[in-house]
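>>> sequence first, then the predicted structure, then my questions.
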Amino acid sequence: MALSVNIRKKLGNFQLDVRFDAENEVMALLGASGCGKSMTLRCIAGILTPDEGKIVLDGVTLFDSKANIDLPPQKRQIGYLFQQYALFPNMTVRQNIAAGVRNRGQRNDITAQLLRRFRLEDVADLRPAQISGGQQQRTALARILASEPKTILLDEPFSALDSYLQHQLELELAETLEQFPGTVLWVSHDRGEVFRNCKRVCVLNSGHSEGVFTLRELFHEPKTEAAARLSGCKNYAEAIFDGNHIILPALGLTLLCGKAVPDGARCIGIRANHISLCDATAVNAFTCTVVRVIQDVFTTIVLLRPEGAAPDTPPLRMELSREVWYAVPDKTRVTVAIQPRDILPLK
């Protein structure tokens, strides 16, 4: 099974322009809040109609503006796990799951199997308001699987849960998805969630897709500033590229770069954990004034201003272990370096 999406949709001043292909895999739609992730899912599910484009699932055209095809949601064989689960409030857990079964003759057997599989037998005769958030999510997922979908759409599946529940339910969801033979689209703005559960990532930025990346490409070789920000990069600076040298006017630095510079690159990204303490002889070494020190749960965050930087330039963020920072003798002025291979040229 495979899903191909190439659609445009305008709502007010917001323009959605998304294109990607997904195989039998768990693929993420990653982007900041308001970038069009949920809107994309609603178009795929048939809840929203795109203005133009085409959606094809396993060789079946679900939507084609040119051919005037727009299958209704119930004919698309797509399971949609909404953020708030959308369970029927007046039905029991058993009835909610049974409502998803297409084959009436097997409804009782399939419902019983799913109640056992999702450990919901003890709450089968309770209504959604009487069970926990985790049990509600398992009920919603069981109802989706009861309908035998070809694709599952997950819209930030843990946003409605307390943080202490998220870890266990993430493991349970991952185990369920391992047995699913089709395409799963996992919408998230949490890069850790994506890294743990998805193989490839489609980056969305202000309604536009910026391509599909492997996890390595996203976290080690992002090509755009939007992709780098979503992967957790904290430091950015406008850059002038001169061969293998990078001139950073605002920071007053010239650094060696160990990566190929993409066409249209205009800035660099530097991950906070790639700025390290060193001596003055190291490659790409420079001296900084310490602006502020922040103690995080397990690390120390140090905000730095290179000595040649313009006064209004945002400080660089360095993250290191508490033990390493504790051993630094002079905590007002330090020398740091960035390895050439760790500098990210970005469009």
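Alright, I've got the coordinates. What you are looking at is a predicted structure, and each value in this text was computed from that prediction instead of being measured.

>>> and the residue nearest to P128 when sequence neighbours are not counted, how far from P157?
Closest residue in space to P128, ignoring its immediate chain neighbours: L87 at 4.3 Å, by Cβ to Cβ, 6 or more residues apart in numbering. Backbone N, C-alpha and C define where each C-beta goes, glycine included. In this view, L87 and P157 are 14 Å apart by Cβ to Cβ, to the nearest Å.

>>> one more: V261?
Applying Cβ to Cβ to V261 and P157 gives a distance of 38 Å.

>>> give me the number of residues near I338?
The number of residues packed near I338 is 26, by other Cβ atoms under 10 Å.

>>> tell me what L255 is bridged to.
Beta-bridge pairing of L255 under DSSP bridges involves I246.

>>> how many residues are close by N103?
N103 has 10 nearby residues by other Cβ under 10 Å.

>>> buried set for the longest strand that the chain contains?
Counting residues, the longest strand found in the chain (DSSP state E) is strand 285-295. Neighbour-count burial for strand 285-295 flags A285, F286, C288, V290 (criterion: 16 or more other Cβ atoms under 10 Å).

>>> okay, those residues in CSV with distance to Q77 next?
Formatted as CSV, the buried residues of strand 285-295 follow (distance: Cβ to Cβ, whole Å):
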residue, distance to Q77
A285, 58
F286, 57
C288, 57
V290, 58
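
>>> from the residues you listed, which two are the most distant?
Largest separation among the buried residues of strand 285-295 by Cβ to Cβ: A285 and V290, giving 16.1 Å.

>>> picking up where we left off before, between V261 and P157, which one's more packed in?
Neighbour totals were compared for V261 and P157, and P157 leads with 24 against 18 (other Cβ under 10 Å).

>>> and that one, that one's in a helix?
No. With DSSP: H, G, I helix; E, B strand; the rest coil as the criterion, P157 is coil rather than part of a helix.

>>> can you tell me the closest non-neighbouring residue to it?
Nearest one to P157, counting by Cβ to Cβ, 6+ apart, is L81 at 5.7 Å.

>>> pretty sure the one you found contacts A140?
Yes. Taking Cβ atoms under 8 Å as the definition, L81 is a contact partner of A140 at 5.7 Å.

>>> count of residues packed around L253?
Residues near L253, counting by other Cβ under 10 Å: 19.

>>> kindly apply the preceding question to R333 instead.
Neighbours around R333, by other Cβ under 10 Å: 11.

>>> ok, now how distant is the residue nearest to it when sequence neighbours are not counted from P311?
Leaving out its chain neighbours, the residue that sits closest to R333 by Cβ to Cβ, 6+ apart is T289, at 5.8 Å. Counting by Cβ to Cβ, the separation of T289 from P311 is 11 Å.

>>> shared neighbours of those two, anything?
Shared contacts of T289 and P311 (Cβ atoms under 8 Å, 6 or more residues apart in numbering): none.

>>> quick check: phi and psi on the residue nearest to P157?
Torsion angles at L81 (phi, psi; degrees, to the nearest 10) stand at phi -90, psi 100.

>>> contacts only, for G269.
P222, E225, A228, C233, N235, Y236, I343, L344, L346.

>>> quickly list what the residue lying closest to I294 once chain neighbours are set aside is bridged to.
Leaving aside its chain neighbours, I294 sits nearest to I301 (4.1 Å; criterion: Cβ to Cβ, 6+ apart). Per DSSP bridges, the residues bridged to I301 are I294, E319.

>>> let me know the pLDDT of I301.
Per-residue pLDDT puts I301 at 97.

>>> how near is it to Q168?
29 Å.

>>> give me the more crowded residue out of these two.
It is I301, of I301 and Q168, that has more neighbours when counted by other Cβ under 10 Å, with 16 against 11.

>>> return the residues in contact with the more buried one.
Counting by Cβ under 8 Å, 6+ apart, I301 makes contact with A272, V293, I294, Q295, R317, M318, E319.

>>> where in the stretch 151-300 of the chain is pLDDT low?
160-165 (pLDDT under 70).

>>> quick one: the helices in it, in order.
Shown for the stretch 151-300 of the chain, the helices assigned by DSSP state H, counting those that start in this stretch span residues 163-178, 191-197, 215-220, 225-230.

>>> burial-wise, tell me which of the ones you listed comes out on top.
Highest mean neighbour count among the helices of the stretch 151-300 of the chain (mean count of other Cβ atoms under 10 Å): helix 225-230, with a mean of 23.

>>> what helices or strands is that one leaning on?
Where contact means 3 or more Cβ pairs under 8 Å, 6 or more residues apart in numbering; DSSP states H and E, helix 225-230 is packed against strand 200-205, strand 208-214, strand 267-270, strand 344-346.

>>> include distance to L41 when you put those into JSON lines, please.
Shown next, in JSON lines, are the helices and strands packed on helix 225-230 (distance: least, Cβ to Cβ, whole Å):
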{"stretch": "strand 200-205", "distance to L41": "11"}
{"stretch": "strand 208-214", "distance to L41": "13"}
{"stretch": "strand 267-270", "distance to L41": "29"}
{"stretch": "strand 344-346", "distance to L41": "28"}
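
>>> got the CA positions of stretch 116-123 in PDB?
The C-alpha coordinates for stretch 116-123 follow below in PDB (Å, rounded to 0.1, in the frame of the first residue of the first chain):
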ATOM      1  CA  ARG A 116      -8.800  -8.300  24.700                       C
ATOM      2  CA  ARG A 117      -6.000  -7.000  22.500                       C
ATOM      3  CA  PHE A 118      -6.300  -3.500  23.900                       C
ATOM      4  CA  ARG A 119      -7.000  -4.700  27.500                       C
ATOM      5  CA  LEU A 120     -10.400  -3.000  27.700                       C
ATOM      6  CA  GLU A 121     -12.500  -6.000  28.800                       C
ATOM      7  CA  ASP A 122     -12.900  -4.600  32.400                       C
ATOM      8  CA  VAL A 123     -14.300  -1.300  31.100                       C
END
